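Enquirer: Sharing a model that was predicted from the sequence below.
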Amino acid sequence: MSVMKRLSGIVQAKTNKLLDKAEDPRESLDLSYQKQLESLQKVRRSVADVTTAKKRIELQASQLQQSADKLQQQAKAALGQGNEDLAREALARRAALAEQLTDLKTQHDQVAGQEVKLVDTAQRLQTQVDSFRTKKETMKATYTAAEAQTKIGEAVSGISESMSDAGMSMQRAQDKIDGMQARAGAMDELLSSGALTNLTAPVDDIQAELDKVSKTDTVDTELAALKAEIGASGPAGELSSAPPAPTSPEPPAS
Amino acid sequence: MIVRILGEAQYDVPEDQRAALDDLDRTLVKAVDANDADAFTSALLALAAEVRRVGTPLADDAFVPSELVVPFADASLDETKRLLADAAPADEG
């Protein structure tokens, strides 16, 4: 069982569906030409679909990249505050995002590959359809009825096969996009739920932690400044340890 | 004979190359039957390369049906199996 022969049979079956049974073979040239124009429209629409899918991936990738960059900065800020645990958490999330980004990149390359192929297919079909338009008039004018039967039949079958090929190429691209769209939808949900890091919320939890620390820092700084002020005008030492309570069992708070 | 590589082009292949293509086709069939994806990929690439090497691409205004059809040259084993299962061709067997 030859792969090439089996496939030839499958393509033939698809092609037969495209053929009209016209009484006059010359008429079948015009009918076929109409089908070719429709085919071209479909291929062009398919190219547009693939391009849209590619743009969606690009948009998601740029969102993920922004999140990753932000987490990197947050990790740095956390380290600056001496909060290594928080820095670690930010970097761990960043690593998870990097994984998603790699996955998106692979999908993007696949879709971009389909786009290039489909653009080629559209161009090839366009060229053939243009040639067919010219040739069909020549055929109508030059063939005798007997010749027309076979020659026109062959030409129409030939270009119909090209349309089948284009149709299969479109189906192929569509299958790739369908699989990808489902994942893209899941990714959109993850992004909007904040499971990956919520860009829609003004402040995420790592940022909240960083802000809390910096607020505490500010309070500490102000407190120290206050202590220094009072210490300078007061008797001596730190405020809290200035009047030692003789009965207090607790050590002075520092 | 006219050979089409899906998603690519049609080629006019000299009749004396038929046996060589049949050999490559048999290797491909073996890979499909063995469900061996790696063997399939290399066999398919070899078959497509041979068609391109010995064949002459048809002109844009040559509208001729193909006798043989090679799968998309970059298709995986799974994709090709789905393609072959797509319809029950009359000449199967």
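Expert: That came through, no problem. Small disclaimer: the values here were computed from a predicted structure and weren't measured.
Enquirer: hmm, the strand or helix carrying residue A:40 touching chain B?
Expert: Assigned by DSSP states H and E, residue A:40 belongs to helix A:25-80. No. Using C-beta under 8 Å from any C-beta of the partner chain, helix A:25-80 stays clear of chain B, with a minimum separation of 9.6 Å. (Each C-beta comes from the backbone N, C-alpha and C, glycine too.)
Enquirer: now that helix, how far from the chain's geometric center?
Expert: Helix A:25-80 sits 8 Å away from the centroid of its parent chain (C-alpha atoms, centre = their mean, to the nearest Å).
Enquirer: The next helix or strand after it vs chain B: in contact?
Expert: Using DSSP H and E, the helix or strand that follows helix A:25-80 in sequence is helix A:84-142. Yes. Counting by C-beta under 8 Å from any C-beta, chain B is contacted by helix A:84-142 at A:117, A:121, A:124, A:127-128, A:131-132, A:134-135.
Enquirer: tell me the secondary structure for residue A:179?
Expert: Under DSSP: H, G, I helix; E, B strand; the rest coil, residue A:179 falls in the helix class.
Enquirer: gap between it and chain B?
Expert: Counting by C-beta to the nearest C-beta, to the nearest Å, the gap from residue A:179 to chain B is 12 Å.
Enquirer: from the residues of helix A:84-142 next to chain B, which would you call buried?
Expert: With neighbours counted by 16 or more other C-beta atoms under 10 Å in any protein chain shown, the residues of helix A:84-142 next to chain B contain buried members at A:117, A:121, A:124, A:128, A:131-132, A:135.
Enquirer: ok so, going back, between the residues of helix A:84-142 next to chain B, which is closest to chain B?
Expert: Chain B lies nearest to residue A:131 out of these, by C-beta to the nearest C-beta, at 3.7 Å.
Enquirer: Is the closest residue to the closest one other than its chain neighbours part of a helix or strand, or is it coil?
Expert: Of all residues not flanking residue A:131 in the chain, residue B:61 sits nearest, at 3.7 Å (C-beta to C-beta, 6 or more residues apart in numbering or on different chains). Here residue B:61 is recorded as coil under three-state DSSP.
Enquirer: and chain B, which of its residues are near chain A?
Expert: Counting by C-beta under 8 Å from any C-beta, chain B sits next to chain A at B:3-4, B:6-7, B:9-10, B:21-22, B:25-26, B:28-29, B:32, B:47, B:60-72, B:79-80, B:83-84, B:86-87, B:89-93.
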